[in-house]
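the following comprises the amino acid sequence and a computationally predicted model.
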Amino acid sequence: MEELTKKVADSRCAMTEIVLPNDTNSLGNLMGGRLLHWMDICASISSQRHAGSVCVTVGVDEVDFKSAIRQSEIVILESQINRAFRTSMEVEINVWAENPREGTKRKCNRAFFTFVAIGRDSNPRRVPSLDILTDEENERFEGAGRRRELRLAHSS
């Protein structure tokens, strides 16, 4: 039986949110926890698109907070699968803040989430392989392998 593969593009997810007063801290900046919540949703959609099943978050690493996101700014989240392992996947999420009044957009955050696909029996299930088509996808694929080695070394 031939192994199922999927393209990176099949897993891509783009979400847009607006930062409302209830999303901010006392400085008027988006709370980190709210942003991580949105990032988890975006990454979850990518993982489920790839796996074709329910997926659960098992790890988050390298969350880079480069720039505060202010109230009333538009938050753009984009995610995709970087690499599929046996039952797990690394998902990269990039976040931009757009100020429509000023016509500006800046990259604010990046993170790598690890998800595991769950079967109907509530156990981890195999995920499709990733069909790498571009040099950029290959760089992300290789980087995901290096990050996985580090995660596994730290967990033992």
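That came through, no problem.

where do the helices sit along this structure?
32-51, 135-155 (DSSP state H).

hmm, who's touching the shortest one?
Pointing back at helix 32-51 there. 6, 10-15, 17, 23, 54-55, 57, 60, 63, 65, 69, 75, 77-81, 84, 89, 91, 93, 95, 109, 111, 113, 115, 117, 125, 127-128, 130 (CB atoms under 8 Å, 6 or more residues apart in numbering). The C-beta positions use only the backbone N, C-alpha and C, and glycine is treated the same way.

mean confidence score for that helix?
In this model, helix 32-51 carries a mean pLDDT of 97.

check stretch 99-110 too.
Rounded mean pLDDT across stretch 99-110 is 96.

any buried residues in that stretch, and which?
108-109 (16 or more other CB atoms under 10 Å).

would you put the C-alpha positions of that stretch in CSV?
Only the C-alpha atoms of stretch 99-110 are listed here, as CSV (Å, rounded to 0.1, in the frame of the first residue of the first chain):
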residue,chain,number,x,y,z
ASN,A,99,-2.1,49.2,11.9
PRO,A,100,-4.8,50.1,9.3
ARG,A,101,-4.8,53.8,10.3
GLU,A,102,-1.0,54.1,9.6
GLY,A,103,-0.9,51.5,6.8
THR,A,104,1.9,49.6,8.5
LYS,A,105,2.4,45.9,9.1
ARG,A,106,5.2,44.3,11.2
LYS,A,107,6.2,40.8,12.2
CYS,A,108,5.7,40.4,16.0
ASN,A,109,6.0,36.7,16.9
ARG,A,110,7.0,33.3,15.8
